[in-house]
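# sequence? don't have it. structure:
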């Protein structure tokens, strides 16, 4: 049951930069079929989260907990680096704005494949084997992180408060990842 809370917090922190919310805000503003597009985005996240959760549950049975702890540490540290990286925040090009619905669904599914959220879900599912709880927590964290950018628009990312939240989230993920790595190497107790 702790997988749901760990995944919720980790995924919410990993998406503090608003990358998905900004992309979805642009997409919803440019299209007339907003409900369908939002449903496709959530559905694509859920499909990828389930795939990551199943892979994590399988990994739980196949590899040792030390390696799993290193996998979690790597997922947390890579999410921290992704937050700190000042690169392009959009997920796709402008062609997705006018894509037909079936093509949009496929592109959304592929865009999110291997995203930092799903890597965290898979790694956290591997710690307990409770993939379904990790997927549920990841979906809740992803939604929580996306809502401010959907409500207030993409301009929110340029506000000082949003920048502070992004850097604080990166710091928390880095500390959490370092602690997980140190625990995996036996430098800290459980």
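Cool, the structure landed. All figures in this text were calculated on a predicted structure; none of them were measured in a lab.
# any weak-confidence spans in the protein?
Counting by pLDDT under 70, the chain contains low-confidence ranges at 1, 86-93, 114, 190.
# which residues touch the residue minimising distance to the centre of it?
Nearest residue to the geometric centre of the chain (Cα atoms, centre = their mean): residue 117, 2.0 Å. By Cβ atoms under 8 Å, 6 or more residues apart in numbering, the residues touching residue 117 are 11, 14, 15, 45, 49, 138, 141, 142. The C-beta positions use only the backbone N, C-alpha and C, and glycine is treated the same way.
# reformat those residues as CSV; add neighbour count, distance to residue 104 and secondary structure.
As requested, those are exported to CSV (neighbours: other Cβ atoms under 10 Å; distance: Cβ to Cβ, whole Å; DSSP: H, G, I helix; E, B strand; the rest coil):
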residue, neighbour count, distance to residue 104, secondary structure
11, 30, 23, helix
14, 28, 24, helix
15, 28, 21, coil
45, 25, 14, helix
49, 28, 19, helix
138, 34, 22, helix
141, 25, 24, helix
142, 28, 19, helix
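# can you tell me which of those residues lies closest to residue 181?
Residue 181 lies nearest to residue 14 out of the contacts of residue 117, by Cβ to Cβ, at 16.8 Å.
# test my guess that the closest one contacts residue 83.
Yes: at 6.9 Å, residue 14 counts as touching residue 83 under the criterion of Cβ atoms under 8 Å.
# what do those two both touch?
By Cβ under 8 Å, 6+ apart, the residues touching both residue 14 and residue 83 are 169, 173.
# contacts for stretch 52-63, please.
Residues contacting stretch 52-63 (Cβ under 8 Å, 6+ apart): 68, 71, 118-119, 121-132, 134-135, 138.
# many thanks, I have nothing further to ask.
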